[in-house]
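*Asks:* Sequence and predicted model, in that order:
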Amino acid sequence: SQTIHQWPATLVQPVGSPLSLECTVEGTSNPNLYWYRQAAGRGLQLLFYSVGIGQISSEVPQNLSASRPQDRQFILSSKKLLLSDSGFYLCAWRGQWGHPVPGNTIYFGEGSWLTVV
Amino acid sequence: DAKTTQPPSMDCAEGRAANLPCNHSTISGNEYVYWYRQIHSQGPQYIIHGLKNNETNEMASLIITEDRKSSTLILPHATLRDTAVYYCIVRVASSGGGADGLTFGKGTHLIIQP
């Protein structure tokens, strides 16, 4: 079966410090990968998506970047965090058509809480 | 993706069926109806999805009207652990790449009462 893991689960970082959140997917190959952010009391916002190694598309301009060094690894980074980067960050994946269920359902990780102080 | 309308909150007694409505009157013929839920401080959990026919799995049933302009998610025997925000999303299930991520609205906060 397929699983998705992201870490760390919680993070408190000072303003101006770097960030690295990591996500890995097991049990599938060539997934689409996504990074979402959910600010306090707000909906989910798609930040980045990737259809393959080294292929990253950004949905919103921001202080963050994403990389995909391996097929099932997705990393969210920042060189200098801002207070506004605080939030709940979610990694997600979907398989190719029909796998593992009909259509191409998107599945989410457990999330990472980031507090910038 | 088509817009959806859900009530902001609902209550349901433990052990009873929870019926969560969703309106998607502008849905296109190639758009699926997806349901997710998000328990506080956790990632969204996929529940079920469908195109035209009613669907059932171990978690829930999805009833889609014949004109596909609305749907209902049914949790047959709600428990306290079903308290969560439930999101109804309509989306084209494309086979290619691209920005096919999900667009989440505000959902319905379902509260299961003991």
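*Replies:* On my side now, so go ahead.
*Asks:* confidence score at the nearest residue to B:Ser25 once chain neighbours are set aside?
*Replies:* Spatially, and ignoring its direct neighbours in sequence, B:Ser25 is nearest to B:Lys69 (4.5 Å; CB to CB, 6 or more residues apart in numbering or on different chains). Where you see a C-beta, it was placed from the backbone N, CA and C, and this is true even at glycine. We have a pLDDT of 96 for B:Lys69.
*Asks:* Would you confirm that B:Lys69 contacts B:Asn23?
*Replies:* Yes. Using CB atoms under 8 Å, B:Lys69 makes contact with B:Asn23 at a distance of 6.8 Å.
*Asks:* out of the two, which sits in the busier spot?
*Replies:* B:Asn23 (16 against 13; other CB atoms under 10 Å in any protein chain shown).
*Asks:* Next one: the more buried one, what pLDDT does it get?
*Replies:* We have a pLDDT of 96 for B:Asn23.
*Asks:* Next, count neighbours for the residue lying closest to it once chain neighbours are set aside.
*Replies:* If you skip the residues right next to it in sequence, B:Asn23 has B:Thr5 as its closest partner in space, 4.3 Å away by CB to CB, 6+ apart. Neighbourhood size, B:Thr5 [other CB under 10 Å]: 13.
*Asks:* Name all residues that make contact with the most centrally placed residue in chain B.
*Replies:* Nearest to the geometric centre of chain B sits B:Trp35, at 2.9 Å (CA atoms, centre = their mean). Counting by CB atoms under 8 Å, 6 or more residues apart in numbering or on different chains, B:Trp35 touches B:20, B:22, B:46-49, B:60, B:62, B:73, B:86-89.
*Asks:* Emit the PyMOL select command for whichever of those residues are buried.
*Replies:* To isolate the buried ones among these in PyMOL, judged by 16 or more other CB atoms under 10 Å in any protein chain shown, type:
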select buried, chain B and resi 20+22+46+47+48+49+60+62+73+86+87+88+89
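*Asks:* same for chain A: which of the contacts of B:Trp35 are within range?
*Replies:* B:46, B:49 (CB under 8 Å from any CB of the partner chain).
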